[in-house]
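>>> Predicted model follows, preceded by the sequence.
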Amino acid sequence: MSNPLNLTATIGGRLVAPALPTVDSSPSPPSELLFDESLTAYISHNVPLESTEGIQRRERVLMKMASLCREWVKSVARKRGWGEDMVDRAGGELFTSGSYRLGVHEPGADIDTIVVAPNICTRDDFFGSNYIPPNALASDDAASASRDPASLAERIRLHPDVTNFVPVENAAVPILTFDWEGINIDLLFARLNASTVPPNFDIDRDSVLSGVDSATEKSLNGPRVTNLIAALVSGTKQRYQTFLIVVRLIRKWAKSRGLYSNKMGYWGGVNINIAVALTLQLYPNACPASLLRKFFLVFKSWRWPNPIMLTKPHDAELGLPVWNALQATSMRQVAPMITPAYPAMNSTLSVSRQTLQILHEEFCRGHNVVDKLYKDFLKGDVLEKDDVESGDIWKELFQPSDFFIGYPHYLSLCIVGPSQADAQAWAGFVESRLRKLVSDMLGRSLPLSKIQLWPKKFDACVADRAALLTHVQRANSITYFIGFRVDTLRMRGNQLDIERQLSNFRNFELSKFYPLVPGMDVLPRTFAVKELPKICFEGMYEGGKIAAMKRRRLLIEADPKRQEAKAKKKLAKLKKKMEAIQQRKAQSAVKNKDENEEAIMKEELDESLLESRKRKRDVDDAEGEDANPGGDEEEAALLESALDKIQDDSGAVHKTREEAEMDRQKLLAGLEWDDDEDEDAGVKADEETEDAKMNQSERKSTLQEREAEILRRSGLVIVSDDEATLVGGNRILPWRQGYRSSVNAVKREQGGNDATDKEHQPEMKPRVAIKFKTQFDIVELDANGRVIDKGDDDYMPSAKWIGRKGGFEYKLGERGLGYYRTGKKVVVPSNISYA
């Protein structure tokens, strides 16, 4: 019997173990190894590595930067009056993180760096701000804007090999961004609570975080997380190479599908690293092609909002907040991904319900593509041999997204500034707030069935020509696009008004920028899909906009729902013609022409029925294939068992697989968390945790609970006093039913035939009476589908003051205007304030 696979790692003096059990540790079968050869061929032609010269140039730049950082630390020590021996021991180290530290080595990729300095170096020493030259007047404006020439920022800016230097001091994690010999560098600053940083400094030890500020904690978290990920996947050289290959593939896939941007609400580099590392923990001996297929299977099946974690969070007792499941529930984190290093934190706080829906759709598409490729490869005679050997069969997975042809409506946001420097700072600030506009303002308050932000910017201005912009503003502008689809059932009227949301975005988000210079603005403009500018299609679709519109037409025609609707329409038309022929035969003598026409119509009707049945069988067969991912029920069962474990270990309320799947579907549909939930969600989570400690086998449901569950499974909505009050979102509103009575009245005035009218009347559904053993409360809904509050012992609704009532106070609360019992807690809506 072989020894169990050891996936633990020792780093920073601590033993780290995976959070999930291994699903399948067996090596890939020969068929998957042959399939992997095709993927290797594709990688060699389409996913190039950095050249040897490029790698050497990056190493040379990092060595120069490290030397410059140490010289800067020494200069600060001399300025503090230290002796030369102490100056030499002050130290200062430069660390890397992200893709460069892991060895992904993509051409043109940036390098994430962090300079770790002793406590004698401050943030002002790093940026050189608040510096006044000795010979400058106190009232001189230029003096207040200059930087200390001895600061690290000014040393880097003045280096002859540095270009595009942009300091960002007011961010949560201050950063310097610049190009050194054409290589983009992001430099962070960390100030330790120590007088020296020796050359053998171990950044992975938790004790380095003792006494540091918040910005330093977040800066140090980058290399610490990267080092821990590398340690967890470095069991063997082959395993680490598999990890790097799949990381490069997922990064390419995410960029081509518009999913690579953490600040826009999707996944960034560290998120992809954690996700691939987790898949490798579940399948440690899989080859790259197999691991790629398992990656999409795992996250297609993941039970959101359960957290993704490589190892269980631990507390080093240094006073730093550590992520926990109750915190995630109270903060409404929809797709938490926990960093493995201390202090554990959620690296996907920016992911919203709207972006999670898009990510899930892409995971499903990726799994369908790779799984179909593997099945066709096993058949042997489906795929072209030349395409298999060259790796061209993998091109479908990395096809550009259909974003610019997938939505009927688009909103462009043109970000302009009065100068290049102001435009860069202004654009960076607006970019960090765009996800709030899309997810929090537009996605929640408008009747939209889907909304998506394209994370890639366009260096062009598409604002209306009527906008009063200078030539400099148009030259220093970038544009982002948002696609959306309107929910017609919730739509009122014919126009969608977004002016209020855009006004709130300007007033409450963009107004926080400082200094806000005249000429900085965000200009919106709406487009229909056919009105989009050509720049949206250049570089994405071969053939430009014309080819993209042709592809859009093919996608529309291939839609199964559209095909079924066309077939039903054709069938109804044929039936109507048949009825007309039969009526003519009954009124007149039988003629050969009518017989021939009737025979032709019968033949067409039979063909239409056969085509409809064949289409239904094809859809059923496709659903049957998708019902068993990968055709391996045992593999799916093992994965479900692993997901059960992380759900049980998360500390949340115990749920069955069916309940977890229902929660995931609700979350993806936008029904998981409502804005009208009680604000004290953390208290409820604590109560639910105490209830979860009860023995589930001993807990018996009451008759009311069983009957309520039956009604829920039937599709009905059960509303209780402590649940959300927004229901009836799918009911037809009263003013949309008025057309029926008006049409019938016109027909009666015109003296229409009753028999003819009955043919055109819609088929009425039979009325069903439901009798309940339990007496349920009957609620009344207003025109918007909200429950009308009739009041109770603690609250009496009243739209106006009607005099004093003993024991009550008249005020505005969460339940509206009315009389609230004195002494009872009243929650005032957050958007209302009293003078």
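Structure's in. What do you need?

>>> Low-confidence ranges, the stretch 201-350 of the chain, go.
Low-confidence segments of the stretch 201-350 of the chain (pLDDT under 70): 330.

>>> what about the helices in it?
214-232, 237-256, 269-282, 288-300, 325-330 (DSSP state H, counting those that start in this stretch).

>>> what would those look like in a markdown table with mean neighbour count and distance to E659?
For glycine as for every other residue, the C-beta is placed from the backbone atoms N, C-alpha and C. Below are the helices of the stretch 201-350 of the chain laid out as a markdown table (neighbours: other C-beta atoms under 10 Å; distance: least, C-beta to C-beta, whole Å):
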| stretch | mean neighbour count | distance to E659 |
| --- | --- | --- |
| helix 214-232 | 21 | 31 |
| helix 237-256 | 19 | 30 |
| helix 269-282 | 23 | 23 |
| helix 288-300 | 24 | 19 |
| helix 325-330 | 19 | 15 |
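
>>> can I get those in TSV with distance to I203?
Converted to TSV, the helices of the stretch 201-350 of the chain look like this (distance: least, C-beta to C-beta, whole Å):
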stretch	distance to I203
helix 214-232	6
helix 237-256	20
helix 269-282	16
helix 288-300	29
helix 325-330	26
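
>>> Relative to T479, which of those is closest?
Nearest of these to T479, taken as C-beta to C-beta: helix 237-256 at 18.7 Å.

>>> Name the residues that touch that closest one?
By C-beta atoms under 8 Å, 6 or more residues apart in numbering, the list of residues contacting helix 237-256 from outside reads 39, 43, 46-47, 99, 102-104, 106, 230, 233-234, 259-260, 266-267, 269, 272-273, 275-277, 279-280, 284-288, 291-292, 295, 366, 397-401.

>>> Look up how far F189 lies from T113.
Per C-beta to C-beta, to the nearest Å, T113 is found 10 Å from F189.

>>> Over to K570?
Distance from K570 to F189, by C-beta to C-beta: 69 Å.

>>> helix or strand for V116, which one?
V116 belongs to strand 111-117 when assigned by DSSP states H and E.

>>> angle of that strand against helix 269-282?
For strand 111-117 against helix 269-282, the angle by axes from the mean of the first three to the mean of the last three C-alpha atoms, to 10 degrees is 100 degrees.

>>> Would you mind listing the buried residues in stretch 21-40?
Buried residues in stretch 21-40, defined by neighbour count with 16 or more other C-beta atoms under 10 Å: 22-24, 28, 32, 35-36, 38-39.

>>> Output these in JSON lines; the columns should cover pLDDT and distance to Q354.
Listed next are the buried residues of stretch 21-40 as JSON lines, based on pLDDT from 0 to 100; distance: C-beta to C-beta, whole Å:
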{"residue": "T22", "pLDDT": "90", "distance to Q354": "34"}
{"residue": "V23", "pLDDT": "90", "distance to Q354": "30"}
{"residue": "D24", "pLDDT": "89", "distance to Q354": "34"}
{"residue": "S28", "pLDDT": "91", "distance to Q354": "37"}
{"residue": "E32", "pLDDT": "93", "distance to Q354": "36"}
{"residue": "F35", "pLDDT": "94", "distance to Q354": "35"}
{"residue": "D36", "pLDDT": "94", "distance to Q354": "36"}
{"residue": "S38", "pLDDT": "94", "distance to Q354": "35"}
{"residue": "L39", "pLDDT": "95", "distance to Q354": "32"}
